[in-house]
Structures are given as structure tokens and as C-alpha cells.
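J.: compute the structure for the input listed below.
(chains A and B)
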Amino acid sequence: MCLAIPGEIIEITGADPLTRMARVSFGGVVREASLAYVPEAKPGDYVLVHAGFALQTIDEEEARRTLELIAQMGGAEEEGAP
Amino acid sequence: MKHLDEYRDAGRARALAAEIARTATRPWRIMEICGGQTHAILRFGIDQLLPPGLELVHGPGCPVCVTPLELIDRAIELAQTPGVVLASFGDMLRVPGSKTDLLAARAAGARVAMVYSPLEAVRLAGEKQDQQIVFFAVGFETTVPGVALAVREARRLGLQNFSILPAHVLVPPALRAILGSPQSRIQGVLAAGHVCTVEGYEDYEPLAADFGVPVVVTGFEPVDLLQGILLCVRQLEQGRAEVENQYARAVRREGNREAKALVREMFEPVDRKWRGIGVIPSSGLALRPAWREFDAEARFALSTGAVEEPSECISGLVLQGAKKPYECAAFATRCTPERPLGAPMVSSEGACAAYYRYGRHHV
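T.: Just a heads-up that it's a prediction; the model follows:
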């Protein structure tokens, strides 16, 4: 039930921070999500969505650092993965 | 899919598994809290990639599994009440109450609507103003912000026909109860990443210090889980007990400030009974007095009193990491997903369902 999936914000509707909604693409499958809890999110950002709510914006820099750490261990290169 | 496929990459998983094998010099026992992580561990065979002696035990992080029988009975009672529609996430529908489950009750005429988001339940209330819509508010810290916003939206729209049946539970008090138990065998903890997206991980710092147990905030994909295990094993080998964050792309130490602020404005901690475990102090949430008009237990006259668990089900021990599902005499015989004795066998996050589905019927 705590499943949350990363998706890309395609379009934002509404300006009021509390009722701001977005169309979010999950690998091409588009669903609506509330952006009430990610006021800084903008189109092109990836957000983690749970039960219709974006709970956090994915930090691209942290994602890169995590994969770099693993690459140093002999894991797949960051760019080489599918 | 970006931010998903990278964390399912076999090369990265193998590199991490090899590093874990190089790092672990002794047996260690690590608990992953979240049932979603349990399912990922068994689905991707992560347990089988680990060196002998490194054991994963499964925690209480399945909100469906820990919802007490009497609350499920009350949800069914509401669905059977004329003029009431019970709206629920799909996960709850097949979980057995003391006599039946929501799906069977619906087949017998009760009114149950499956929703994907609590906002859908508010929308339903707007469309059906001659009926009372009650949302069965089950879930950990991850789910509470959505419910909070739904209740606030109902007030903003002036809806008199929307309420919630609160069943929310909180991870840190349950973890404290488990680690503090004299029978606890847990040496390290993988904290549930999605719970921490909302609440952050400051609450885990006193737990790591008090019990001398490393806590690693961990994501849900195979590479995340293996990296979380590696960080935990490194701490154990070095004699450290700190809170570390493997899931930094999604979790900040302070969590999500906006979500926490609204949750604290609307909800207050209360003692909560966990199915199979018992009452854990301050481990649940109730609406504060200013919002209590949206509490279905205040709006409707519902049955009270406790209900006994089926005696054969050992789900309480499974949920505390004290027993593995296959150690239950009823596992895969008298208890199956088709005819479950307890919730962990039907929930998509239940440990028993994971062991059954992925064929871990023996040691």
C-alpha cells in the first residue's frame, strides 16, 4: 500500500498551491496527481506518486551520486544501463 | 522507465551482492520493515543472492495486515448500512474480518466502492449527495497526507456526506515496540523509504541510539535493497549504529514539510491496536477535535468491543519478525490466498502472500 512510483510531470493545471494538479507520465501511461505537497515541482520534473499524490520530487543529483557509488564497485556504468 | 530501470539492472545488483559477500564476516539478521520491500526481495530473489548467514526477517510494514479485525468488521457494518457507501483501496477488499470480508459482503448486497485515491472518494461524495460516503483510511505515514487533503477538500466544498474511518498506523512506535521486546533478534533495520519521503528520518535517530541498531532508509527496487543491505552490513561489521539514507533521491532528513504540517494540523497520535500484535502506544492517528465531524466513528453508531483472532494464525509473530511464514502449521495448507486465515496471506504486502507466491515454502 505504500507503493509509490516515479513519473514525469507533463502538464500542470491550476495555480492555487493546494489544488494544483498535474498529468504525470509513468512510462507513457498518464494519470492525474495532486501537486499540493510538491509546490516547487515543474513540468519535466520526476515526482514520486502514491495514491494520487506526488509526495516528493526526485533529486536528479542524488540519483546520479547513488549510481556513481555503485559504478565504483564494479557495477554497470550509469549510461550503460537500460 | 527513468528512475526505475536503473535500479533493476542485473550488473549493478551483482556488483552489490559481491560487495556484500566481501563485507560480511559473520551472520547478521536484518529486518526490512515494509511489506512492499518483502515482496520485492522475494520476487527478485534477493534473499538468494546474499551470503549464507545473512538473514532478512520481515517487519510489520503492511497496513492492511495490522488493521484490527474489529475495524474491518466496522467497515463491513458501514457498507451494510442503508444510505452508506464504503470507499476503500482495493487492498482491503479481501482481508478477512471476524465473519466475512468486504468483497463477499459486497456480493451479498453491501455497498463498497473501490478507489485509487482518497480524492476519488470526495468526488464520489460530491456526485452522490443523497448518500454518505465513508473512506476506509488505512495506511502508514505515506498515505496520511492524501487523506488529510481529502478531508480538507470535503470541508472546503461544504460536503456533509463525507467522512473517514481512521485506521492509520505509524512506523517508529511499532519499531520501538519490536526492538524493545526481550525476544527481539533484530540487529539491523532497513527503514521504509516511502514512509520517510513524508516523515523524514529524524524519528529513527533515537531508535538507532537507544537499541544500538543501524537503520538504513532504503528504496524498493532490487539495487536499492541490495545497497541498503550493504550499508547496514558495513555498519554492523564496523560496530556502528547510525541512521543512513540509501534512498537520497527521494528522501530528505526532514521529510516533506508541507505534508507534515497539514498532517499535524489535522491529526493527533493515539494508542492503536495492531492486528496480531496488540495495542502500541501512540502508534495511530485520530482526527483532532476541530476535524472530528469527519470521523465516521463519531457520525455513525457502530459496534464496539474487541474480537478474537483465529487461534491457528501466527501472523502477529510473522509481523514482528519472530517467525517465518513457512514455520506456521497452516501455511499453504489450511491457509492460502484463496482461503486465508489471516491478512498477511491476502495482502499484496503480506509476508505470507509473498512466501506463497514466490514459492518459499521451506527453509
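
J.: now do the same contact list for whichever residue of the stretch 1-150 of chain B sits closest to chain A.
T.: Closest residue of the stretch 1-150 of chain B to chain A, CB to the nearest CB: B:S117 (2.7 Å). Placement of C-beta: from N, CA and C, glycine included. Applying CB atoms under 8 Å, 6 or more residues apart in numbering or on different chains to B:S117 gives the contacts A:51-53, B:146, B:150.

J.: which among those end up buried?
T.: Using 16 or more other CB atoms under 10 Å in any protein chain shown as the burial test, the contacts of B:S117 include A:51-53, B:146, B:150 as buried.

J.: which one is the residue in chain A sticking out farthest from the centre nearest to, not counting chain neighbours?
T.: Of all residues in chain A, A:G74 has its C-alpha farthest from the mean position, at 27.1 Å, by CA atoms, centre = their mean. In space, and not counting its chain neighbours, A:G74 is closest to B:A15: 4.6 Å by CB to CB, 6 or more residues apart in numbering or on different chains.

J.: shouldn't that neighbour be in contact with A:L67?
T.: No - B:A15 lies out of contact with A:L67 (CB atoms under 8 Å); the separation is 11.2 Å.

J.: quick one on the thing from earlier: who are the packing partners of the helix or strand hosting the residue nearest to A:G74?
T.: Using DSSP states H and E, B:A15 sits in helix B:10-23. Counting contacts by 3 or more CB pairs under 8 Å, 6 or more residues apart in numbering or on different chains; DSSP states H and E, helix B:10-23 packs against helix A:60-71, helix B:46-49, helix B:222-238.

J.: coming back round to it: could you measure from the residue of the stretch 1-150 of chain B closest to chain A over to B:A150?
T.: 8 Å (CB to CB, to the nearest Å).

J.: cool, B:L49 as well?
T.: 41 Å.

J.: now do the contacts for the closest residue to chain B within chain A.
T.: Closest contact between chain A and chain B, by CB to the nearest CB, is at A:G52 (2.7 Å). Going by CB under 8 Å, 6+ apart, A:G52 touches A:31-34, B:116-120, B:146.

J.: tell me the one of those nearest B:A174?
T.: Set against B:A174, the nearest of these by CB to CB is B:G146 (20.8 Å).

J.: which residues does the residue lying closest to the closest one once chain neighbours are set aside form a beta bridge with?
T.: Distances taken as CB to CB, 6+ apart put A:F53 closest to B:G146, at 4.4 Å, once the chain neighbours are dropped. Beta-bridge partners for A:F53, by DSSP bridges, are A:S34, A:H50.

J.: which bits of the stretch 201-350 of chain B sit near chain A?
T.: B:220, B:223, B:227, B:246, B:248-252, B:256, B:258-259, B:347-349 (CB under 8 Å from any CB of the partner chain).

J.: break down the stretch 151-300 of chain B into its helices, ranges please.
T.: Counting by DSSP state H, counting those that start in this stretch, the stretch 151-300 of chain B has helices at residues B:171-180, B:193-199, B:205-211, B:222-238, B:257-266, B:296-299.

J.: now swap in the stretch 1-150 of chain B and tell me
T.: B:10-23, B:35-43, B:46-49, B:63-66, B:69-79, B:102-107, B:118-127, B:144-156.

J.: tally of neighbours for B:G45?
T.: Applying other CB atoms under 10 Å in any protein chain shown, we find 13 residues neighbouring B:G45.

J.: cool, B:A330 as well?
T.: By other CB under 10 Å, neighbour count at B:A330 equals 18.

J.: do the same with A:E32
T.: 13.

J.: with adjacent residues omitted, what lies nearest to it?
T.: A:M21 (5.7 Å).

J.: any idea whether A:E40 is helix, strand or coil?
T.: Assigned with DSSP: H, G, I helix; E, B strand; the rest coil, A:E40 falls in the coil class.

J.: that one touches A:D59, doesn't it?
T.: No - assessed by CB under 8 Å, A:E40 is found out of contact with A:D59, at 11.4 Å.

J.: the more surrounded of those two?
T.: The neighbour comparison of A:E40 against A:D59 (other CB under 10 Å) goes to A:D59, with 16 against 8.

J.: count the neighbours of the closest residue to that one other than its chain neighbours for me.
T.: In space, and not counting its chain neighbours, A:D59 is closest to B:R249: 5.1 Å by CB to CB, 6+ apart. Around B:R249 there are 26 other residues, counting by other CB under 10 Å.

J.: near B:R106, how many other residues are there?
T.: 19.

J.: confidence score at it?
T.: pLDDT, B:R106: 98.

J.: pull the contacting residues for it.
T.: B:79, B:93, B:112.

J.: and B:F89, by the same measure?
T.: A:1, A:51, B:114-116, B:136, B:138-139.

J.: then B:E202?
T.: B:253-254.

J.: and B:I46, by the same measure?
T.: B:13, B:40, B:56, B:222, B:225-226, B:229.

J.: paired strands for the lengthiest strand in chain A, with orientation please.
T.: Using DSSP state E to define each element, chain A has its longest strand at strand A:5-13. Strand partners for strand A:5-13, identified by DSSP bridges, are recorded as strand A:21-26 (antiparallel), strand A:46-50 (antiparallel).

J.: for it, give the mean pLDDT please.
T.: Here the average pLDDT along strand A:5-13 is 96.

J.: any stretches of the stretch 51-200 of chain B with poor pLDDT?
T.: The stretch 51-200 of chain B contains no residues with pLDDT under 70.

J.: check contacts around B:A18.
T.: B:A18 touches A:73-74, counting by CB under 8 Å, 6+ apart.

J.: and the one 5 residues further on, by the same measure?
T.: With contacts defined as CB under 8 Å, 6+ apart, B:T23 is in contact with B:230, B:233-234, B:237.

J.: got TSV for these, with pLDDT, distance to B:V263 and neighbour count too?
T.: Below are these laid out as TSV (pLDDT from 0 to 100; distance: CB to CB, whole Å; neighbours: other CB atoms under 10 Å in any protein chain shown):
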residue	pLDDT	distance to B:V263	neighbour count
B:L230	98	32	23
B:V233	98	34	27
B:R234	98	33	17
B:E237	98	37	13
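
J.: quick one on the thing from earlier: tell me which of the helices of the stretch 151-300 of chain B sits most buried.
T.: Among these, ranked by average contacts under mean count of other CB atoms under 10 Å in any protein chain shown, first place goes to helix B:193-199 (a mean of 28).

J.: which elements pack onto that one?
T.: Using 3+ CB pairs under 8 Å, 6+ apart: helix B:193-199 touches strand A:46-50, strand A:53-57, strand B:28-34, strand B:215-218, helix B:257-266.

J.: mind doing that once more with 6 Å?
T.: strand A:53-57, strand B:215-218 (3 or more CB pairs under 6 Å, 6 or more residues apart in numbering or on different chains; DSSP states H and E).
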